[in-house]
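Colleague: Take this sequence and fold it.
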Amino acid sequence: MLYFVYILESFVDGSLYKGYTSDYMRRLSEHNEGQGRYSSQKKPWRLIYVEECDSKRSAIIREKQLKKYNRRYIEWLCCQGSNKLRNQNG
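Modeller: Presented below is the predicted three-dimensional model:
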């Protein structure tokens, strides 16, 4: 089973949320429906980054790495080829 790490950006204040899942579109919907203590206060959210991982373990490790990075790095990362959203949109 594939897993993904994802980054959301809040339309309310621009804050970022990083997580992992096997279905990032479902998770985006859940965040925007207010499921989750942190994310419910800052909805609506938009998906800005999705990275594919080979396993749940690698997704968890990558999520922990992403949580350490500053906004400037995240903005750079969103423009890289590892971002599935970038690849889908050309």
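Colleague: remind me, longest helix of the protein?
Modeller: Criterion DSSP state H: the longest helix present in the chain is helix 56-66.
Colleague: Can I get it as PDB, trimmed to CA atoms?
Modeller: This file holds the C-alpha atoms of helix 56-66, laid out as PDB (Å, rounded to 0.1, in the frame of the first residue of the first chain):
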ATOM      1  CA  LYS A  56       3.800   3.700   6.200                       C
ATOM      2  CA  ARG A  57       7.100   3.800   8.100                       C
ATOM      3  CA  SER A  58       8.800   5.900   5.500                       C
ATOM      4  CA  ALA A  59       5.800   8.300   5.400                       C
ATOM      5  CA  ILE A  60       6.000   8.700   9.200                       C
ATOM      6  CA  ILE A  61       9.700   9.400   9.000                       C
ATOM      7  CA  ARG A  62       9.300  11.900   6.200                       C
ATOM      8  CA  GLU A  63       6.400  13.700   8.000                       C
ATOM      9  CA  LYS A  64       8.700  14.200  11.100                       C
ATOM     10  CA  GLN A  65      11.400  15.600   8.800                       C
ATOM     11  CA  LEU A  66       8.900  18.000   7.200                       C
END
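Colleague: Packing partners of that helix?
Modeller: strand 3-10, strand 16-21, strand 45-53 (3 or more Cβ pairs under 8 Å, 6 or more residues apart in numbering; DSSP states H and E). Glycine gets a C-beta too; all of them are placed from N, C-alpha and C.
Colleague: Just give me how far it sits from the chain centre.
Modeller: Here helix 56-66 shows a centroid-to-chain-centroid distance of 11 Å under the convention Cα atoms, centre = their mean, to the nearest Å.
Colleague: what ranges of the protein fall below the confidence cut-off?
Modeller: The chain contains residues with pLDDT under 70 at 87-90.
Colleague: could you dump the helices and strands packed on helix 56-66 to JSON lines with mean neighbour count?
Modeller: Written out in JSON lines, the entries for the helices and strands packed on helix 56-66 read as follows (neighbours: other Cβ atoms under 10 Å):
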{"stretch": "strand 3-10", "mean neighbour count": "22"}
{"stretch": "strand 16-21", "mean neighbour count": "18"}
{"stretch": "strand 45-53", "mean neighbour count": "19"}
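Colleague: Count the residues that sit near P44.
Modeller: Residues within reach of P44, counting by other Cβ atoms under 10 Å, total 14.
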